[in-house]
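Q: Mind looking at a prediction? Sequence and model below.
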Amino acid sequence: MRTLVTAAILLFGGRAGADFSYPLDAVSRNVVGTAHCPEVELTTYAGSAIHYQKPTKIYVGFAASLRGFEEIARDAAVEVYGRAPRRLRHLGTYSCRAVRGIRSLLSEHALGNAIDVEGFDFGPAPRGSRPPPGLRGAFSVRVERHWNGHAGVAALHARFLRLVAERTIAHSELFRVVLGPSYPGHKNHFHLDLAPYRLVDVFDDTR
């Protein structure tokens, strides 16, 4: 149902929450027949404040939002773990396709205007630092595995992921769409994009 709401926003030209202009706003997301992706200026991006596990193609104007997200994740990690992530793990950015389950709508991935973040990798704690118990060595944090952690190290990972999500949502100038575990099909990642509408669905309780 929530995906259908998104479809309606696109099809009828809604601009819910889009209180600033963005170069891709005027690009049609309607698909008739086979999806044909508009020509947009793409660049290869490998991360700035946090390096990605592999370089990926994005729309050039999307890089600034990704840098802002990386800074949010870096700062939250330092707050929780005492060190920044070594790598950001993503499931993809540019992909020429329609929205899954809605063949009449072009995905923001088709514009290089979206990223799916599955988690972060951390290296060993710096010498002389005081990391949380059990986290002196390298470790990984994943949305699917740790979002609902309730005890010990898992609870710490859940705190980190939720801080990242909360702060990303609060910085609405970075992304208009922020989806996560409470949205169908997003149990294992955060989906972030700059579609021409506002849609936030990450927590079981709407925030």
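A: Arrived safely, thanks for sending.

Q: Please count neighbours and contacts with C-alpha atoms only from this point.
A: Noted.

Q: where exactly do the strands run in this protein?
A: 42-47, 51-59, 87-92, 98-99, 102-106, 114-122, 139-142, 177-179, 190-193, 199-201 (DSSP state E).

Q: Quick check: neighbours of the shortest one in the sheet, parallel or antiparallel?
A: Which is strand 98-99. Applying DSSP bridges to the sheet, strand 98-99 is found paired with strand 102-106 (antiparallel).

Q: what's the most buried one of the strands of the chain?
A: strand 190-193 (a mean of 26; mean count of other CA atoms under 10 Å).

Q: Can you name every helix or strand that that strand contacts?
A: strand 114-122, strand 177-179 (3 or more CA pairs under 8 Å, 6 or more residues apart in numbering; DSSP states H and E).

Q: I'd like the mean pLDDT over the longest one, please.
A: Model confidence over strand 114-122, given as mean pLDDT, is 98.

Q: That strand pairs with which strands, parallel or anti?
A: Next to strand 114-122 in the sheet, as set by DSSP bridges, lie strand 87-92 (antiparallel), strand 139-142 (antiparallel), strand 190-193 (antiparallel).

Q: Same list, those strands, but as TSV with mean pLDDT and distance to P124 please.
A: Compiled in TSV, the strands paired with strand 114-122 are given as follows (pLDDT from 0 to 100; distance: least, CA to CA, whole Å):
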stretch	mean pLDDT	distance to P124
strand 87-92	97	13
strand 139-142	98	8
strand 190-193	98	25
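
Q: for the helices and strands packed on strand 190-193, which one sits closest to S129?
A: strand 114-122 (14.4 Å; CA to CA).

Q: okay, that closest one in CSV with CA atoms only?
A: C-alpha atoms of strand 114-122 as CSV (Å, rounded to 0.1, in the frame of the first residue of the first chain):
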residue,chain,number,x,y,z
ALA,A,114,19.6,6.5,-5.1
ILE,A,115,21.7,4.2,-3.0
ASP,A,116,20.9,1.1,-0.9
VAL,A,117,23.1,0.9,2.2
GLU,A,118,23.4,-2.5,3.9
GLY,A,119,25.9,-1.6,6.6
PHE,A,120,29.4,-0.7,7.6
ASP,A,121,32.8,-2.4,8.2
PHE,A,122,35.1,-1.4,11.0
